[in-house]
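Model the following, please.
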Amino acid sequence: MANLIRSARSCREWTTNDLVAYNITIESQDVPTFFGQPELPQLAVHPELLTTQFVTHAIMMDKECFRVLRYMDLAMDIVPEEESAVVDFTKQLLQTIGYCSRGRILRSRKDIPLCICGMWTHAKTDVCIMDQDDDILLLVQEDKHHLVVGDPMPQLIAEAIGAVQMNNIRRKTALNLPPLEFRLMAGITMIGTFPTFFKIPVTSELLQAIELGNYPVMPTIVAMHVPDIPHPTSHLPSQ
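Purely as a prediction, here's the structure:
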């Protein structure tokens with residue numbers, strides 16, 4: 001694997017071959033292993049948001065929950081050209097369930113510089129959460145080609161690497177702090193309204209290997225959790 005050809009590629013061009021080239025693997029985990037607790041806590045949201053499938057079925061709910069369901073309706077129309085509907089739904093959902101608390105903001109189409117093989121390219125996330133120091137805390141990548149052969153996971157991992165690079169540059173230049181040796185990035189891929197969750201460990205060794213175009217000796221194992229919920233493509237007719 002160390003002899004694989006590596007080149008400066010934007011995150012949109014990353015595939016599973018790039019993961020192999022940098023000794024990155026993905027490991028599926030169940031709820032207790034991934035989240036560190038037997039089951040997930042109940043969300044502090046309007047009960048109708050958890051039981052209503054379509055906005056037209058809603059009876060009484062606040063405006064935030066109504067927006068989530070309205071955006072969900074649009075995102076359920078799974079058309080690759082309408083990726084903005086998935087982005088809108090994701091942003092509204094994260095806002096409503098409290099991920100964007102005081103000191104955090106939601107960004108879409110955030111451009112992240114990414115250094116690979118000694119050259120600068122770009123990673124552009126669909127949605128991200130940033131803190132008051134402009135550090136990226138969570139990344140969301142929409143799967144634009146889920147009806148064909150697309151794979152958003154390598155793109156999400158490349159974005160996480162770029163985010164840590166950017167965070168470390170800001171620590172050094174703006175805060176006069178040393179770069180972090182390790183950062184566990186949270187990530188989500190979205191197929192319509194269906195999320196898959198990721199924990200992406202980014203080490204200083206991985207960063208150096210990617211920046212220089214080398215094969216890291218230590219493997220990077222990305223944790224993935226696929227929730228046990230109905231898939232949005234399950235209603236589509238079989239080919």
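
Check the model's average confidence along the longest helix along the chain for me.
Criterion DSSP state H: the longest helix present in the chain is helix 152-173. Per-residue pLDDT values over helix 152-173 give a mean of 93.

again with stretch 63-71
pLDDT averaged over stretch 63-71 gives 82.

Using CSV, write out the CA atom coordinates for that stretch.
The C-alpha trace of stretch 63-71 is given here as CSV (Å, rounded to 0.1, in the frame of the first residue of the first chain):
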residue,chain,number,x,y,z
LYS,A,63,-42.9,26.9,14.3
GLU,A,64,-39.5,25.3,14.7
CYS,A,65,-40.9,21.8,14.5
PHE,A,66,-43.2,22.8,11.6
ARG,A,67,-40.1,24.0,9.7
VAL,A,68,-38.4,20.7,10.3
LEU,A,69,-41.3,18.7,8.9
ARG,A,70,-41.7,21.1,5.9
TYR,A,71,-38.0,20.8,5.0
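
buried set for that stretch?
65-71 (16 or more other Cβ atoms under 10 Å). In this view, the C-beta of every residue, glycine as well, is placed from N, C-alpha and C.

Over to stretch 205-221?
205-207, 209-211, 213, 216, 220.

List of residues touching it?
1-2, 4, 6-7, 21-27, 115-118, 161, 164-165, 168, 201-203 (Cβ atoms under 8 Å, 6 or more residues apart in numbering).

Quickly note the distance from the closest residue to residue 122 other than its chain neighbours to residue 176.
Spatial nearest neighbour of residue 122, excluding adjacent residues (Cβ to Cβ, 6 or more residues apart in numbering): residue 10 at 5.3 Å. For residue 10, the distance to residue 176 equals 30 Å [Cβ to Cβ, to the nearest Å].

what about these two, which has more around it?
Shown here are residue 10 and residue 176; by other Cβ atoms under 10 Å, residue 10 has more neighbours (15 against 7).

residue contacts, the more buried one?
114, 121-123.

Counting neighbours, what do you get for residue 110?
Neighbour tally, residue 110, other Cβ under 10 Å: 19.

just how off-centre is stretch 99-106 within its chain?
16 Å (Cα atoms, centre = their mean, to the nearest Å).
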